[in-house]
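Enquirer: The sequence and its predicted three-dimensional model are supplied below.
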Amino acid sequence: MQLAVGDLTFSVHLEGPDDGRPVVLLHGFPQSGRCWSRVVPLLAAAGLRTIAPDLRGYSPGARPTEVSSYATDALVDDVVGMLDALGLSTVDLVGHDWGAWVAWQVAIRHPGRVRSLVAISVPHPVAMSTAMASDPDQQQRSAYIGLFRQEGKAERVMLDDDAAPLRAIFAGSGLSAAEVDAYVAPLQAPGALTAALSWYRAGSPADVAGLGPATVPTAFVWSDQDPAIGRAAAEACAAQVTGPYRFVELAGIGHWVPEQAPEAVSDTILGQVAAT
């Protein structure tokens, strides 16, 4: 469906019974709402109503050109606006990668709208930012962000040779060539990759300044073969949650957790739903 939020229009994928408990699923870079395609049937079979939007920059109707339009405040407002537009007072909120970053921010800033939180791969923003500033291992893992923040150069590099470098990001994911193309092809449209990279370029220390702990029931899922997120950041997450907290470590899984371990993701979400 197409969902209007302010002057933007988001593509939103809905599954499960209309009267099911709503679960909002937020994707990361460089994906879309389809990253949950292996998780959604498991949740729908359990009677949940899943809502997986293509987020700002990924929905063609929600693609402003200014980098400032991708600041965290705007990304949080998008999610809250979607809940309002769908008439949902509270939801179970799930996010992977950048979607996890936004999910943390929504849960912390608007705890009354979030029954439970499942953050996948990216820990609490303070834990992540602290590790990036002080942990040499995390600094090495996050070095790619330097390229992503270079407007123009990053696009040229990643779209070269029919976007071969962008496709290479999915190496080891287990996704088929067709599944990878389903993510890459939309980002080859004019302005689409720039919009997706604007999430990195709009980042600011203000995003974590004064950010408190998560107070809602929270599960954090981290995979020990994730090349982007090290153990220091993952284990520091617990100190940033004051509500009920679970740390779910997945052995032998890489970064693309919803697609590589859909059963574990589903079980974690269902566990949060059952507990709240």
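Expert: Nice, I can see it.
Enquirer: Specify the next element, helix or strand, located C-terminal of the lengthiest helix in the chain.
Expert: Using DSSP state H, we find that the single longest helix of the chain is helix 153-168. Per DSSP states H and E, the first helix or strand lying C-terminal to helix 153-168 is helix 177-187.
Enquirer: which strands and helices sit next to that next one?
Expert: helix 153-168, helix 192-201 (3 or more C-beta pairs under 8 Å, 6 or more residues apart in numbering; DSSP states H and E). For glycine as for every other residue, the C-beta is placed from the backbone atoms N, C-alpha and C.
Enquirer: again, 6 Å this time
Expert: Contact here means 3 or more C-beta pairs under 6 Å, 6 or more residues apart in numbering; DSSP states H and E; on that basis helix 177-187 packs against helix 153-168.
Enquirer: so what secondary structure elements neighbour the helix it packs on?
Expert: Judged by 3+ C-beta pairs under 6 Å, 6+ apart, the packing partners of helix 153-168 are helix 177-187, helix 192-201.
Enquirer: What degree of burial does residue 136 show, as a neighbour count?
Expert: Residue 136 has 10 neighbours, counted by other C-beta atoms under 10 Å.
Enquirer: Ok, residue 100 next?
Expert: Residue 100: 29 neighbours (other C-beta under 10 Å).
Enquirer: again with residue 104
Expert: 30.
Enquirer: what pLDDT does the residue nearest to the spatial centre of the chain get?
Expert: Geometric centre of the chain, nearest residue: residue 99, 1.6 Å, by C-alpha atoms, centre = their mean. On the pLDDT scale, residue 99 is placed at 98.
Enquirer: contact partners of the helix or strand harbouring it?
Expert: Using DSSP H and E, residue 99 maps to helix 98-109. By C-beta atoms under 6 Å, 6 or more residues apart in numbering, the residues outside helix 98-109 that reach it are 26-29, 72, 75-76, 79, 93, 95, 114, 117, 119-122, 124-125, 199, 212, 214, 216.
Enquirer: Just those: which are in strands?
Expert: Judged by DSSP state E, the contacts of helix 98-109 include 26, 93, 95, 114, 117, 119, 120 as members of strands.
Enquirer: Widest-spaced pair of these?
Expert: Using C-beta to C-beta, the two most remote members of those are 114 and 120, lying 15.3 Å apart.
Enquirer: the more surrounded of these two?
Expert: Using other C-beta under 10 Å as the criterion, residue 114 and residue 120 rank with residue 120 on top: 30 against 25.
Enquirer: Compute the distance between the more buried one and residue 26, please.
Expert: 10 Å (C-beta to C-beta, to the nearest Å).
Enquirer: What about residue 84, how many residues nearby?
Expert: 12.
Enquirer: and if you look at residue 220?
Expert: Neighbours of residue 220 using other C-beta under 10 Å come to 28.
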